Structure formats: C-alpha cells, structure tokens
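In: Need coordinates for the following:
(one chain, ligands or ions: 1)
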Amino acid sequence: MKLNRKDILGIQELSVEEINLILDTADSFIEISTREIKKVPTLRGKTIINLFYEASTRTRTSFEIAGKRLSADTINISASTSSVVKGETLIDTAKNLEAMNPDVIVIRHSAAGAPHMLAGLLRQSIINAGDGAHEHPTQALLDMMTIRAKKGGIAGLKVAIVGDIAHSRVARSNIHGLTKMGAAVFVAGPATMIPRDIEKMGVVVHTRIEEAIREADIIMMLRIQTEREKQNLFPSLREYAQYFSLNRKNIGLARKDVLVMHPGPMNRGVEISPDIADGPHSIILDQVTNGVAVRMALLYLLTGGNS
Ligand code: CP
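Out: Here you go, the predicted model:
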C-alpha cells in the first residue's frame, strides 16, 4: 500500500490503514538508528526544511536526525532568528522557502491551521509538527508505535490521558488515533481544562485522576500548557499536583503492568512525580527513540519512497 497524500496535517483525516502503514514503515526503520553507521542513502538529494515558530527539543531534533539518517539535506529555521522578526508574514516566508525548491516543509506554529494553509499554497509536502492546541500528528504516531511495540497492539487497551486536555494538541491527536485503533480512551483533568463536548470524540470524561487511571493499561500524563492559557485555570501548582499528579500511591489503581507515557517536556513534581517518571513503568524515553523512526517513515513515504 502507498501513502496517497501530499501532506500530513492531522490524525483526524488518516485512516486505520494509513496509520498502520506509517507504523509498519517506522518499525522497519528502527534498526537503522542502532547501527554503528546510522545512515542509509534512501533520501539522497532530497531537501527538508524544519520551520519552527515555537520552541521544541524533541520534535525538531528528531526530524533533523530522521532526515540525516536517510541522507536528506535538512535545514532548521527558527522564527526568532529569521526574517519573521523583521515582520515577514508566514505566507511570504513559506513562498520564499518554496522558491528554493525543498521537498518537505515541517512546520510548528502557535496558530491552529497554519500547516493546512501552507499545504494549500505550496507544492511541497507539509508536515504538521504541532499547530496551536489543534493537532500534533507525529507525536500521536510515535505514541501509537510505542504502545503497539510494548503491548503487541492497541485495540482493547484502556488508555487514560490526564492533565490539560483543553490546550493539548497531543491529547487531541492521540484521542483521534487511539479511538480509531480500537482503544478505550478516558480523560481526566480539572473541569477548567476539559473542553466542552469532548465526549463527542468518543472518550469517557472524569474530573478525578483516580477514576480515569483505574485498571488502565496506559497512562499518558500531560504538561499544563501555560503558554496557551489566557487565565489561571487552577489555584496553585501545589494544589494541581495534589489532585492531578501521577505518583507512587495512585499508580497502584492501574493495572500491574501499566505503562506511563509523557510527550515531554515534563514538569517533575507537578503532573508526574520523579520516581514515576524514572521508574519501571515509564516508557517516556522509548517514545523519544521511536519519534526518530516515525519521522523517518513519514519523510520516506511522503517523498515517494514507497513508489
Ligand atoms: N513532544 C514534543 O512536541 O516535544 P517538543 O516540544 O520538545 O518538540
């Protein structure tokens, strides 16, 4: 099967077959990153631009590493060190990059829909590396890859997603993906951080972490997205931690073989206690490792590697 798409903009529009194709392709790329010489010539001659209007450690670095391991030329642009600071618009920036004839543009932007706008304007493939509180499709794909690898599948699992659901593009993309793949998804957070009508996405809503994580196979903890909040949504970090942190005591409510995930960056002692983040249930760094393979798969599939 081929990925018959120019762009990857969200999980919402991907079919189960497309998700499985991407995850299977990513599985086949994992081994390259374990070699002594971590490079194959697959994308030699291709050019990938990482255009980041928001801060990133994992996503930007793993896209760069993914491109380099496939022998593509990768270029990183941060809005803060580009002509954006001189007032250049997103469209003008994108049109100028298009004129240099890259093959793929990876974009992260604080505005929901920014990647979709570029996809309609440019002939290059666009990959959404996070658009506002809307979607973070490559994060959900690497999360699903990690769950599949650790649990042997996704269908039938109970997944709890806990924290600032309202402002989390990771939560939205994972809810789309995990429900499509047959998982039962439970969300929990303060009432002020749960979007109205989220049940329509096929999830069960709780306002207590204990209810959401009971008998869970997977617990996905989220950071409070203070950069997207217009006002304080809870009285203090101490109270947030008291009611919504995953810790040694409440993790006992989940299944014995529960796996703990976090997209990063973590706020230790707020949404997750350090002993859980670093403990035997944590697969947080496996997520990061798999992020490289998922991004290699997407670059490969979008540049005609499967033709
Ligand atoms: N998970 C994630 O998107 O991390 P970064 O913001 O560091 O890219």
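
In: At the contact with the ligand, which residues of the stretch 1-150 of the chain appear?
Out: Among all residues of the stretch 1-150 of the chain, those adjacent to the ligand (criterion: C-beta under 6 Å from any ligand atom) are 56, 57, 58, 59, 130, 139. For the C-beta atoms, the positions are set from N, CA and C on the backbone; glycine is no exception.

In: residue contacts, the most centrally placed residue in the chain?
Out: Per C-alpha atoms, centre = their mean, the C-alpha nearest to the average position across the chain is that of residue 139, at 1.6 Å. The neighbourhood of residue 139, defined by C-beta atoms under 8 Å, 6 or more residues apart in numbering, consists of 59, 130, 169, 170, 173, 174, 263, 291.

In: how would you label it: helix, strand or coil?
Out: For residue 139, the secondary structure call by DSSP: H, G, I helix; E, B strand; the rest coil comes out as helix.

In: try residue 251
Out: Remark: residue 251 carries the secondary structure label helix [criterion: three-state DSSP].

In: Return the distance of it relative to residue 29.
Out: Separation of residue 251 from residue 29 (C-beta to C-beta, to the nearest Å) stands at 32 Å.

In: more crowded one of the two?
Out: residue 29 (22 against 19; other C-beta atoms under 10 Å).

In: My impression was that that one belongs to a strand - is that right?
Out: No: secondary structure of residue 29, determined by three-state DSSP: helix, with no strand assignment.

In: if we can go back for a sec, which of the contacts of residue 139 fall in strands?
Out: residue 130 (DSSP state E).

In: where does the protein have low pLDDT?
Out: Applying pLDDT under 70 to the chain picks out residues 305-307.

In: Okay, strands next: where are they in it?
Out: Residue ranges of the strands in the chain, as given by DSSP E, are 47-52, 73-78, 104-109, 125-131, 158-162, 184-188, 204-206, 218-221, 259-261.

In: okay, those strands in CSV with mean neighbour count next?
Out: What follows is the strands of the chain, written out as CSV (neighbours: other C-beta atoms under 10 Å):
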stretch, mean neighbour count
strand 47-52, 23
strand 73-78, 17
strand 104-109, 26
strand 125-131, 26
strand 158-162, 25
strand 184-188, 23
strand 204-206, 17
strand 218-221, 27
strand 259-261, 23
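
In: All good on my end, thank you.
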